[in-house]
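Asker: Prediction below, plus the sequence it came from.
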Amino acid sequence: MASQEDEAAIAKLESACKDLKALLQRSADLDRNMEKMDRRFDLIDQSLSLASRRVAPLQSMAMANKALDTRINRAVTPALSLLHSFRLFESLQADIFDLSARLSGEVGPSPNRLRRLLEYVDCVDRLKAAVSSISEEGEPAIQKLQEVVEFLSRTKATDNFRTHRLRETLVTLKALYETEVDAMRFEGLLDEALLQLQDEYEGLLQQLKHENVGEAQEGGDGEFAVSELGSEQEVEVLRRISETLAANDCLDICIDIFVKVRYRRAAKALMRLNPEYLRTYTPEEIDEMEWESLETAITLWIQHFELALKTVLVSEKRLCNQVLGNLVDGLVWPECFVKIADKIMAVFFRFGEGAARSKKEPQKLFKLLDIFDSLEKLKAEFIQIFEGDSGSDICTRFRELEKLLVAASSKVFWEFGLQIEGNSDGLPPPQDGSVPKLVRYAINYLKYLVAETYSVPMSKVLQTEQVWKAGILSKPESEEDLLRDAVSNVMEALQRNVESKRGRYKDKILPHVFAMNTYWYIYMRTRNTELGRLLGEQYMRKQYKVVAEESAYLYQKQAWGSLVRLLEAKADDPSSKARANARMEAFLNGLEEASQKHRSSYAIPDADLREQIKEATVKLVVPAYAEFVSACGSALKVGSCPSAESIQELLSQVFDGGDREGDGKKTRRRGGSRGGGSGGGAVDGDGRDFRRSRSDVSDLLI
């Protein structure tokens, strides 16, 4: 068993030994092969080194070509874009020439022409964009080309001859570019297109007119009708042209054209109102105008001022906003509107200022108040139209005109009272004791002043004047109290004037007739009127009615009391014929003298007052006469004493001799005298219209 195991182990060892020998043999063979391979690698490495040395110049040239290709591509891209802009520019040139020719062949703002004009504006905008693109792309394109030339010069990628030619070409291209771009921007087709747009702009603005300004039509709600200046398409065209001109450095030209044309259009529209009166505006010239002409001029001024503001200027402001509103963030159009309105407003302002600075005659007060009232009503709208910094100067002048009117109106009113009081040494009192013209004028003047039309503006003037004098922080009186105090001052001045004239009569009866007529006139003409209500019934009774009644009593006492005393005198011997006849003769002589005085020297123009005086005189004289005749009839001569009815008829004839004015002439009798004091008219039937006669005023107040 043991020998078999050993044999097996020996066999395995012999086998392993053979394998080991074979492995060693193969290792030796591999080693020899490795040596051969090393020798081959050395040969390959030598070959690669040689090849590398031979390929290195080609690699450098490849890298240079790649860099050149990159620079050429970078130069070609902006050059292609520039060429595209040039081609677009040439295309737009053809379009503009075509549209320009078509526009030249059409006249009038027809819809087709307006559409074509919009196309023209669009082409100009695109042409401007093309020129801007050429201007912006030219510099980079030339810069890139210059880099290529410099690269070729530096790398010697081409020969010197070609590099020199490229450099000369680049210099020529650069000079040509600078020349052509400037020509495109300032002297070429774009400039001509902008000039044509300016002409079209001016022409289209000229065609926008104010309609129906001469008719001064008002809407149903009392507002003036505002005309639209141009259709939506016309406004759109003007807006686009404005924006195009502004984008091409023509903003100043655009504004100049707009302001010039629209001012002329607005002024021409207002000239259709024929405002010739505006040519007379200095105080000296206004003082020389006839009163009727001045009154008409001021009335027209008020109408035209409101019309200009509410129609013409409102329309112009709207057009300015629509056309120029998008320029410079909306800062341009308010300035343009103010430039258009400034000259127009200046013409109106200077006339109003001239009227306010002219002579302070009483009849001018009402027209000054008309102007002031119209400005007050327009103030809010005026400030709204000329809002902002641009319109501050016009608003300031508006306020200055109001200040002038306040000062002038208050001065006219106060001087009117001073003139009335100062007239005490002027005109003599009426010879027949009738109402003076000055009193009639003053009462009618004040009645007209405190009526609804003028009481509000006059009160506003007085309140404003008080604030100026007392300061803004003061507490002003109410407008009604101010007006009442002011009118009371004039009435007191008038009363002092009357009393001054009353004391200048030499006849002892005439002062009472004069005071009775005058104060009765004042009371009756003011009762149940705005003037009477303003002053108060108690004031009017105390100041005028009571005085008139006292004067009537004194008149009765002086004129007829002496005759009654003759009849009432007691004789020692009632049966004495001589005494009775002497008293009768004295009575009849006195009655005749009194009758003659009343017919020739005394006047009681008011029919109601005259009737009351007649009744009182008859009640005073006739009963006393009848009693005397009854008591002394037996002592009187037969046929020497008229009957009581005859005496009454005689007295009736004395007082019914007809209505008489202050000049003693008979005039047509007026009915309704008893109610005459409640008439609503500003000017009563017994006086001329104080607003329309400068000579009347001067006669009264000299």
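Answerer: Structure's in. What do you need?

Asker: Report the distance from stretch 292-312 to the chain centre.
Answerer: In this view, stretch 292-312 has its centroid 12 Å away from the chain centroid, taken as CA atoms, centre = their mean, to the nearest Å.

Asker: likewise stretch 270-281?
Answerer: With CA atoms, centre = their mean, you get 17 Å for stretch 270-281.

Asker: For it, buried residues please.
Answerer: Buried residues in stretch 270-281, counted by 16 or more other CB atoms under 10 Å: 270, 273, 275, 277-278, 280-281. Bear in mind the C-beta positions are built from the backbone N, C-alpha and C, glycine included.

Asker: Could you single out the nearest of those residues to residue 37?
Answerer: Nearest to residue 37 among the buried residues of stretch 270-281 is residue 270, at 115.1 Å by CB to CB.

Asker: ok, the nearest residue to residue 238 once chain neighbours are set aside - contacts?
Answerer: Closest residue to residue 238 apart from its sequence neighbours, by CB to CB, 6 or more residues apart in numbering: residue 323 at 4.5 Å. Applying CB atoms under 8 Å, 6 or more residues apart in numbering to residue 323 gives the contacts 235, 238-239, 242, 258, 333.

Asker: what about residue 323, distance to residue 213?
Answerer: Per CB to CB, to the nearest Å, residue 323 is found 20 Å from residue 213.

Asker: again, but for residue 341
Answerer: Note on residue 341: its distance to residue 213, by CB to CB, is 15 Å.

Asker: Over to residue 460?
Answerer: Distance of residue 460 to residue 213, given as CB to CB: 31 Å.

Asker: For these two, indicate the residue with more neighbours.
Answerer: Shown here are residue 460 and residue 213; by other CB atoms under 10 Å, residue 213 has more neighbours (24 against 19).

Asker: For that one, what is the enclosing helix or strand?
Answerer: Here residue 213, judged by DSSP states H and E, is contained in no helix and no strand.

Asker: ok, and the closest non-adjacent residue to it?
Answerer: residue 269 (4.5 Å).

Asker: Okay, buried residues for the helix or strand containing that neighbour please.
Answerer: Taking DSSP H and E as the criterion, residue 269 maps to helix 251-271. Buried residues in helix 251-271, counted by 16+ other CB under 10 Å: 251, 253-255, 257-259, 261-263, 265-266, 269-270.

Asker: before we move on, the earlier item: the residue nearest to residue 213 and residue 210 touch, don't they?
Answerer: Yes - applying CB atoms under 8 Å as the test, residue 269 and residue 210 come out as touching, 3.8 Å apart.

Asker: Need the residues touching each of these two.
Answerer: Counting by CB under 8 Å, 6+ apart, the shared contacts of residue 269 and residue 210 are residue 312.

Asker: Could I get the phi/psi values of residue 281?
Answerer: Note on residue 281: its backbone torsions stand at phi -140, psi -10 [degrees, to the nearest 10].

Asker: residues touching it, list them.
Answerer: Shown in contact with residue 281 (CB under 8 Å, 6+ apart): 347, 350-351, 353-354.

Asker: Please report how far it lies from residue 364.
Answerer: Distance, residue 281 to residue 364, by CB to CB: 15 Å.

Asker: Which of the helices and strands in the protein ranks last by mean pLDDT?
Answerer: helix 694-701 (a mean of 41; mean pLDDT, DSSP states H and E).

Asker: I'd like to know how many residues surround residue 524.
Answerer: If you count neighbours by other CB under 10 Å, residue 524 ends up with 26.

Asker: and it, what element?
Answerer: Per DSSP H and E, residue 524 falls inside helix 510-526.

Asker: tell me what that helix is packed against?
Answerer: If you count contacts as 3 or more CB pairs under 8 Å, 6 or more residues apart in numbering; DSSP states H and E, helix 510-526 packs onto helix 437-450, helix 479-502, helix 546-559, helix 607-632.

Asker: Just put these in CSV and tack on mean neighbour count, distance to residue 399 and mean pLDDT.
Answerer: Listed next are the helices and strands packed on helix 510-526 as CSV, based on neighbours: other CB atoms under 10 Å; distance: least, CB to CB, whole Å; pLDDT from 0 to 100:
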stretch, mean neighbour count, distance to residue 399, mean pLDDT
helix 437-450, 24, 25, 92
helix 479-502, 18, 20, 89
helix 546-559, 18, 46, 90
helix 607-632, 18, 50, 85
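
Asker: export those to JSON lines and tack on distance to residue 410?
Answerer: Shown next, in JSON lines, are the helices and strands packed on helix 510-526 (distance: least, CB to CB, whole Å):
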{"stretch": "helix 437-450", "distance to residue 410": "13"}
{"stretch": "helix 479-502", "distance to residue 410": "9"}
{"stretch": "helix 546-559", "distance to residue 410": "30"}
{"stretch": "helix 607-632", "distance to residue 410": "36"}
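
Asker: closest to residue 568 out of those?
Answerer: Here helix 607-632 is closest among the helices and strands packed on helix 510-526 (CB to CB), at 6.2 Å.

Asker: from the middle of its chain, how far away would that closest one be?
Answerer: Taking the mean of its C-alpha atoms, helix 607-632 sits 69 Å from the chain's own mean (CA atoms, centre = their mean).

Asker: That one vs helix 546-559, what angle?
Answerer: Relative orientation of helix 607-632 versus helix 546-559 (axes from the mean of the first three to the mean of the last three CA atoms, to 10 degrees): 30 degrees.

Asker: what helices or strands is helix 607-632 leaning on?
Answerer: Using 3+ CB pairs under 8 Å, 6+ apart, the elements in contact with helix 607-632 are helix 510-526, helix 546-559, helix 561-568, helix 577-600, helix 644-655.

Asker: what packs against the fourth one?
Answerer: Going back to what we said before, that points to helix 577-600. The contact analysis (3+ CB pairs under 8 Å, 6+ apart) places helix 577-600 against helix 546-559, helix 561-568, helix 607-632, helix 644-655.

Asker: before we move on, the earlier item: tell me the helix or strand right after the helix holding residue 269.
Answerer: For helix 251-271, the succeeding helix or strand toward the C-terminus, using DSSP H and E, is helix 283-288.

Asker: Please identify the buried residues of that next one?
Answerer: Within helix 283-288, the residues that qualify as buried are residue 286, counting by 16+ other CB under 10 Å.

Asker: Which residues does that helix contact?
Answerer: By CB under 8 Å, 6+ apart, the list of residues contacting helix 283-288 from outside reads 280, 294, 354-355, 357-359.

Asker: swap in stretch 644-659?
Answerer: Residues from elsewhere that reach stretch 644-659, judged by CB under 8 Å, 6+ apart: 591, 594-595, 598-599, 604-605, 607, 610-611, 613-614, 617-618, 621-622, 625-626, 629, 642, 666-670.

Asker: May I see the buried residues of it?
Answerer: Residues of stretch 644-659 classed as buried: 644, 647-648, 650-651, 654-655, 659 (neighbour count, 16+ other CB under 10 Å).

Asker: Closest to residue 301 out of those?
Answerer: residue 659 (41.1 Å).

Asker: Just the pLDDT for that closest one.
Answerer: Listed pLDDT for residue 659 reads 42.

Asker: got the helices and strands packed on helix 607-632 as a markdown table, with distance to residue 488 columns?
Answerer: Output for the helices and strands packed on helix 607-632, formatted as a markdown table (distance: least, CB to CB, whole Å):
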| stretch | distance to residue 488 |
| --- | --- |
| helix 510-526 | 12 |
| helix 546-559 | 16 |
| helix 561-568 | 35 |
| helix 577-600 | 35 |
| helix 644-655 | 34 |
